[in-house]
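*Asks:* Just need the structure, nothing else, for what follows:
(3 chains)
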Amino acid sequence: MARRLELHPDRLFPSDPSARSVARALYAEVADLPIVSPHGHTDPIWFAENENWTDATSLLLAPDHYIYRMLYSQGVDLDALAIPRKSGVPATDPRAAWKLFASHYTLFRGTPSRLWLDHVFGEVFGIDVALEAATADLYFDTINEKLASEAFRPRALFDRFKIDFLATTEGPQHDLAPHHAIHASGWGGRVVTTYRPDAVIDVENEGFANAMERFAGWTGEDVYSWKGYLAAHAKRRADFRAAGATATDHGHPTALTANLSPAEAEALFLKVTGGDWTPADAELFRAQMLTEMAAMSAEDGMVMQIHPGAFRNHNAGLFATHGRDKGADIPTRTDYVHALKPLLDRFGTSTDLSVILFTLDESVYARELAPLAGHYPCLKLGPSWWFHDSPEGMRRFREMTTETAGFYNTVGFNDDTRAFLSIPARHDVARRVDCAFLARLVAEHRIEDWEAAELAQELTSGLVRRAYRIDEPFTAAKAA
Amino acid sequence: MARRLELHPDRLFPSDPSARSVARALYAEVADLPIVSPHGHTDPIWFAENENWTDATSLLLAPDHYIYRMLYSQGVDLDALAIPRKSGVPATDPRAAWKLFASHYTLFRGTPSRLWLDHVFGEVFGIDVALEAATADLYFDTINEKLASEAFRPRALFDRFKIDFLATTEGPQHDLAPHHAIHASGWGGRVVTTYRPDAVIDVENEGFANAMERFAGWTGEDVYSWKGYLAAHAKRRADFRAAGATATDHGHPTALTANLSPAEAEALFLKVTGGDWTPADAELFRAQMLTEMAAMSAEDGMVMQIHPGAFRNHNAGLFATHGRDKGADIPTRTDYVHALKPLLDRFGTSTDLSVILFTLDESVYARELAPLAGHYPCLKLGPSWWFHDSPEGMRRFREMTTETAGFYNTVGFNDDTRAFLSIPARHDVARRVDCAFLARLVAEHRIEDWEAAELAQELTSGLVRRAYRIDEPFTAAKAA
Amino acid sequence: MARRLELHPDRLFPSDPSARSVARALYAEVADLPIVSPHGHTDPIWFAENENWTDATSLLLAPDHYIYRMLYSQGVDLDALAIPRKSGVPATDPRAAWKLFASHYTLFRGTPSRLWLDHVFGEVFGIDVALEAATADLYFDTINEKLASEAFRPRALFDRFKIDFLATTEGPQHDLAPHHAIHASGWGGRVVTTYRPDAVIDVENEGFANAMERFAGWTGEDVYSWKGYLAAHAKRRADFRAAGATATDHGHPTALTANLSPAEAEALFLKVTGGDWTPADAELFRAQMLTEMAAMSAEDGMVMQIHPGAFRNHNAGLFATHGRDKGADIPTRTDYVHALKPLLDRFGTSTDLSVILFTLDESVYARELAPLAGHYPCLKLGPSWWFHDSPEGMRRFREMTTETAGFYNTVGFNDDTRAFLSIPARHDVARRVDCAFLARLVAEHRIEDWEAAELAQELTSGLVRRAYRIDEPFTAAKAA
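*Replies:* Numbers count the residues shown, from 1 in each chain, chains lettered A, B, ... in the order given. The predicted structure is shown next:
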């Protein structure tokens, strides 16, 4: 007989009874608050077209690099999991791929993927037995059947999940058609874009030339001149702003910024777009562009997110066969103190600019990020990110940032996911872990219980709404 | 009605009942022990002149960069807080500044500043309502009234706080007049100085030339010759020793040391004092001077403290308007293993020299500092410092150093503060956190309860007295 | 009256009652499982000759750098502890040395050495009073008397400790005679060697020339030609394999790997063996040899262990008088992401090669090692190592690696010790800490109790047997 799947109501709370009872009380007040998702990677086409998804494997398994990186690490063949190659999707039976995943589900014990997936299976699909080889068919059939129903269309789930705000991420080369379609449809869901210009900034990206061409196309600017290039950014930022964007995003290998003179910047631009550049030139250009983007943000009010520190496509063999975003990105040691100084020398004392800093290097939480955010008016700390977006990772984030930056220089939770069905699971984990942390402070008499209750609301709702300025351009009445 | 301010007797203890009861018992035995403060930044003039302080804002708010860095980070204007500019103290009403602070007091939730301040308000001033906008006037009036009383003069508080030893920090350019005055006054409080020669060692400091001039003045040496310069250090060290100093202190950007030949050292000295030097020269000179100071310490017995790793005055805009020490110092990644080798190649096997190492980079606790201090006879570990002088920071310090360095290569607590009224609060937090850590070891049966009781005494009293040699030059009878 | 020595049955378990009861139940199922020790430094001669050890000092104190580094750090003279100098063993009375150690036993409070030693004293020798100056004689006499008995001969203890597999570590210059003797003796204990070629790879090691000579001698190859050198490695690997080795081990200063062309590799080899090389050449040669060893491992199936990051012989004075391995090795910051890429560019997608990564730099657990091992099929994570082989260190290892790498990309426990009598103690600590970690996950409802029970078995037995392939070459029937 199959094991039962049960989501324990006290999961992720401290086991000590006094702290647990505080955590329960705090969580009860925030568990059902609407979801604000200011940064993520869902596909806006889902909400534009509102078509049913087809099957468990193509929706839940094949796009989720958290899942298949773990399977791959244990020798499971990616073709057998139906993971797309550069040459196309392998002709793998989706049911067979799902069974292969199910038969390795024990690998996920102790990982956040397991917590998220069980929540999706139990809460979203109502399945009450645990996933294993023996239940793989039941899962596959149940999920597929539900996915085909009205109740599981994207907009229906958006409403069921009580999502109040959902940001996707697009580049300047993108037409934003799905966002325009969503807007034109009259549907009430607030799905907005985010301006992520990496593809036209990172000359080391193999898609740079192509992205620049489309960048020129959408803007009508001479993007191969420095002046035209900056003007094109300004135009596209305005387009994105019109499509609801409140933020930009920058995913650079490092946090390096630069503050070159206009003449130096122009010369560098011509060098890197001219094709005769070194990796150091490419890095310096990315650095300069962070400062240029900050200058534009100080003008147009878009909040700037910096996500540095990933060594992309580390596995050369896999990159050759499967391309980007296949679970082979590895964090690297990241400096912020020296790297950000050029940008801060220009905007450090500004209260107009708002920059949200992320990291994949936890050693900087207490040493660099909390001291920076606890001083500079323009800096705030994004939540624990990617590999650290997990119970232990979130706990370390709070333990290592709160004492120097406080709670109020943080910005709530980001689910940062393309796995739409897992969004409630991820926010639930974050709320539980935050309540557990606050409960410990209360149980150790470091803050009062009523303060923790206020903070739980702030960490769930207030901070994210203010940090991402999501109530500013539309209606202040939506503010919590 | 205002919220009550209560300091819970079990604050900072583990919430688990078995560990908590051990923590209570340990704490009960050390809570009232006299305070030994071997490193800090109080103003000796207070104890020399014994004048009343004037008001809450100028005593508690304006000098405390822990407080105003947090307020500034949230966009509060420093002028409105009465924080001094280079051009002078802004003409801000102290009461208005205090109210502004009070109305932002929620920002400090979860920070050590909140713990310290509440202790000062509740224990030192006897206030029993919480600070908020509504109670700001009550606070301001109560504090000012008490500050005007006999019982709140510096020496009276020194006695009330049961301070047994208090070290201030002065440079070689300082006349030590307050210390001489204290000594001459016949008052029994033991307030001593500490030799911190940074101002005549760091040629990158804008005050270097001025400090050198005064250094020459106090010593009568030709401080612009290498021989005279070293002789001047020796003279001033003797002056400081005579004024009670048992230690030196060195606040360098890095922990780099060097061991140049005398000829190389002299050439470098002439270069950096001649004005034609690079940042690398300045760094190498600081490095060499750490080794020179170690050599003098091995002679005169002064314990050497090294506080490396702060990137000073990171905010260029703020530095231009407000100058140094305005909450804009940010920790940096710091190497010790390679940096200290030149000094250790000379003194590593010495049992005469004693060097106390501090860090702002917690990633070195387990990796570098504990292994170094757990091996070299001349090295000991200073307590968690500055941004890490907090409940979580102290806990991490113990968790990451004890297993390799043990307790006995650590040196007790430093309050390291200029906020005199917070000294009891800071020592109380440290004692509680240490007792909580020991209680966990007992509750997990890793040490016996009687061992924990001995250790609590050592961490509070024995280790600091021995490490700073505070009983050696005066009377052994004062030893615990 | 002397204090009693008692090993509490709940030691190292969480103090919270609900988590503790889970930990107890988990531990009960693994406490008595046989010991698998796939990596360590015991002397195979002990098992070959099966002679009695002579006394407490020469067996337990003098060879254990964990112990005497702590004593030395507190100013205890190494001669007085009978620690061998390069010039020979000092003429110290072993009983006096033991007493000196006993009188400083408080230094070890809170350290793993204390946990291991108390286990050895209490469990192995049956002593029931605590070690202190007053009991030093009793200890010395009791231990020596038992050591002289039949029951305390190496093979008898091997059986009593229920050791199922014990790997020692030898270099290519070693004759493996003790291993051949063990095999020839017909004794049933499985003691195997491990191929650690550092001595013929690290040209900076003062013993390089001598090791090369013996390397040539055992293989009959021209080890001074690149081709002969590689052939000699292949021969000796086959010898070690025949002597039971299932793994190689590489203790380099860094994790750097290289992937030079054959011509470049040959030129580099000739340069570094020719004597005219820089430290950078030596480093590059070690880097290239890691890749060469990986290539051979992909052929002969030996699991490759990389133990990087120790700054060896940091104390110049001590190295001059006492030589290597005297407690003066200090961890350094270690990069893996860039360092391993050349090797991974060649073997990253291989499922034949298996590389186990260790670190002395805990900041890489969550940032680099867990992401690497959670992706690459050829990589697994060794347990917390050396300074981090301790309750807090093991806890941090699990907390910082599990969420990204899972449990199944780890390889169980290594005792990594030359202190044979402490092997049961070390495995017991590891089992307790793992059960405590699993118990927390259960108590926080992050995994089910039956999953924790399966994992406890895996962490104790299954993972190590599979990772080190210890059941493959002999008999599959031994697999758990």
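*Asks:* Show me where chain A dips below the pLDDT cut-off.
*Replies:* Scanning chain A with the threshold set as pLDDT under 70 gives A:1, A:473-480.
*Asks:* any idea which residue sits dead centre in it?
*Replies:* Nearest residue to the geometric centre of chain A (Cα atoms, centre = their mean): residue A:416, 1.9 Å.
*Asks:* wait, that residue sits on residue A:387?
*Replies:* No. Residue A:416 is beyond contact range of residue A:387, at 11.3 Å (criterion: Cβ atoms under 8 Å). Placement of C-beta: from N, CA and C, glycine included.
*Asks:* show me where the stretch 51-200 of chain A has strands.
*Replies:* Taking DSSP state E, counting those that start in this stretch as the criterion, the stretch 51-200 of chain A carries its strands at A:163-167, A:191-192.
*Asks:* got the contact list for the residue nearest to the centre of chain A?
*Replies:* Residue A:416 makes contacts with A:39-41, A:385-386, A:389, as judged by Cβ atoms under 8 Å, 6 or more residues apart in numbering or on different chains.
*Asks:* Who wins on neighbours among those?
*Replies:* Counting neighbours by other Cβ atoms under 10 Å in any protein chain shown, residue A:39 comes out on top of those with 27 neighbours.
*Asks:* neighbours of the closest residue in space to it that isn't next to it in sequence, just the number please.
*Replies:* Once flanking residues are discounted, residue A:39 sits nearest to residue A:414: 4.3 Å by Cβ to Cβ, 6 or more residues apart in numbering or on different chains. Residue A:414 has 27 neighbours, counted by other Cβ under 10 Å.
*Asks:* Can you classify residue A:414 by secondary structure?
*Replies:* Under DSSP: H, G, I helix; E, B strand; the rest coil, the three-state class of residue A:414 is coil.
*Asks:* so it sits right up against residue A:382, yeah?
*Replies:* Yes. The criterion here is Cβ under 8 Å, and residue A:414 meets it with residue A:382 at 6.4 Å.
*Asks:* Would you map the helices across the stretch 51-200 of chain A?
*Replies:* Under the criterion DSSP state H, counting those that start in this stretch, the stretch 51-200 of chain A contains helices at A:56, A:65-73, A:94-103, A:112-119, A:136-147, A:154-160, A:177-185.
*Asks:* Could you measure from residue A:166 over to residue A:54?
*Replies:* Counting by Cβ to Cβ, to the nearest Å, the separation of residue A:166 from residue A:54 is 22 Å.
*Asks:* which non-adjacent residue is nearest the residue of the stretch 201-350 of chain A found nearest chain B?
*Replies:* Nearest to chain B in the stretch 201-350 of chain A, going by Cβ to the nearest Cβ, is residue A:349, at a distance of 4.1 Å. Using Cβ to Cβ, 6+ apart and skipping the chain neighbours, the partner closest in space to residue A:349 is residue B:317 (4.1 Å).
*Asks:* Can you give the contact residues for the host helix or strand of the one you found?
*Replies:* Taking DSSP states H and E as the definition, one finds residue B:317 inside helix B:316-322. Helix B:316-322 has contacts (Cβ under 8 Å, 6+ apart) with A:341, A:344-345, A:348-349, B:78, B:83-86, B:313, B:326, B:328.
*Asks:* tell me the contacts of the residue nearest to residue A:39?
*Replies:* By Cβ under 8 Å, 6+ apart, the contact list for residue A:414 reads A:37-40, A:382-383, A:385, A:389.
*Asks:* which of the residues you listed lies closest to chain C?
*Replies:* Nearest member of the contacts of residue A:414 to chain C, counting by Cβ to the nearest Cβ, is residue A:389, at 9.1 Å.
*Asks:* any idea how far the closest one lies from residue A:31?
*Replies:* Using Cβ to Cβ, we find residue A:389 at a distance of 19 Å from residue A:31.
*Asks:* I figured residue A:92 hits residue A:84, correct?
*Replies:* No. If you go by Cβ under 8 Å, residue A:92 and residue A:84 don't touch, sitting 10.4 Å apart.
*Asks:* Could you save the contacts of residue A:416 as TSV and add columns showing secondary structure?
*Replies:* Shown next, in TSV, are these (three-state DSSP):
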residue	secondary structure
A:39	coil
A:40	coil
A:41	coil
A:385	coil
A:386	helix
A:389	coil
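*Asks:* got the residues you listed as TSV, with distance to residue B:159 columns?
*Replies:* Compiled in TSV, the contacts of residue A:416 are given as follows (distance: Cβ to Cβ, whole Å):
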residue	distance to residue B:159
A:39	56
A:40	60
A:41	63
A:385	51
A:386	55
A:389	53
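*Asks:* Now do the strands in the stretch 301-450 of chain A.
*Replies:* A:303-306, A:310-311, A:330-331, A:355-357, A:379-381.
*Asks:* Deepest in the core, which of these is it.
*Replies:* The highest average neighbour count among the strands of the stretch 301-450 of chain A, using mean count of other Cβ atoms under 10 Å in any protein chain shown, belongs to strand A:330-331 at a mean of 27.
*Asks:* And stretch A:328-338, end to end?
*Replies:* End-to-end distance for stretch A:328-338: 28 Å, by Cα to Cα, to the nearest Å.
*Asks:* is that stretch anywhere near chain C?
*Replies:* Yes. Residues of stretch A:328-338 contacting chain C under Cβ under 8 Å from any Cβ of the partner chain: A:328-333.
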